[in-house]
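Undergrad: sequence and predicted structure, then a few things I'm wondering about:
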Amino acid sequence: MACESDTVYIIDPDEAVHDALTTLLGANGINVLCYSCAEEFLNSNLAHHSTRGVLLVEANLPGMGSLAFLRRLRADDYKLAVVSLTSTSNRDIAQQALKAGAVEVIEKPLVGDRLLTLLRSLACRDGEASTVGSKL
């Protein structure tokens, strides 16, 4: 059974990233919501009620910072899968993100096919196909 509320949430201060990912994912029928910082996402009403979907989080967020944000998500028992986006291949950053709760770390620039494949794999959790997965 598909879940109507599946969304890819993009948390990145770069509007060019918002535009590129909204275009790519939207062309594949995926609902996308963009935020420029962790606080903006946490303050959204939709974020608190979403149990299905994927968060794409820039590793270098302004304000709260990405590691503190990931720890907060884990402490608050958010059910969304988190993918950390980084513009460096620094293994320490990747390990810290994974330890803080990210399920995957991918480098920018993003390759559309790799991202879509990753989203497909994350979209089917708890034995149910989600609408993110069904649209890819």
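TA: Structure received.

Undergrad: contacts, neighbours, all on C-alpha from now
TA: Fine.

Undergrad: and the gap between the closest residue to Asn60 other than its chain neighbours and Lys99?
TA: Leaving aside its sequence neighbours, Asn60 sits nearest to Ser66 (CA to CA, 6 or more residues apart in numbering; 6.1 Å). As judged by CA to CA, to the nearest Å, Ser66 and Lys99 stand 12 Å apart.

Undergrad: more crowded one of the two?
TA: The neighbour count for Ser66 versus Lys99, taken as other CA atoms under 10 Å, is higher for Ser66 (23 against 13).

Undergrad: residue contacts, that one?
TA: Ala38, Val57, Glu58, Ala59, Asn60, Ala97 (CA atoms under 8 Å, 6 or more residues apart in numbering).

Undergrad: distance check, it against Ser87.
TA: 13 Å.

Undergrad: what's the pLDDT at the residue nearest to Asn60?
TA: At Ser66, the predicted lDDT confidence score is 93.

Undergrad: so Arg114 belongs to a helix, correct?
TA: Yes. Counting by DSSP: H, G, I helix; E, B strand; the rest coil, Arg114 is found in a helix.

Undergrad: burial of it, as a residue count?
TA: What Arg114 shows, counting by other CA under 10 Å, is a neighbour count of 11.

Undergrad: again with the one 3 residues further on
TA: Using other CA under 10 Å, Thr117 has 13 other residues around it.

Undergrad: could you measure from it over to Ile93?
TA: For Thr117, the distance to Ile93 - CA to CA - is 23 Å.

Undergrad: and of the contacts of Ser66, the nearest to Val83?
TA: Val57 (6.1 Å; CA to CA).

Undergrad: thought that closest one was touching Ser87?
TA: No. Applying CA atoms under 8 Å as the test, Val57 and Ser87 come out as separate, 11.7 Å apart.
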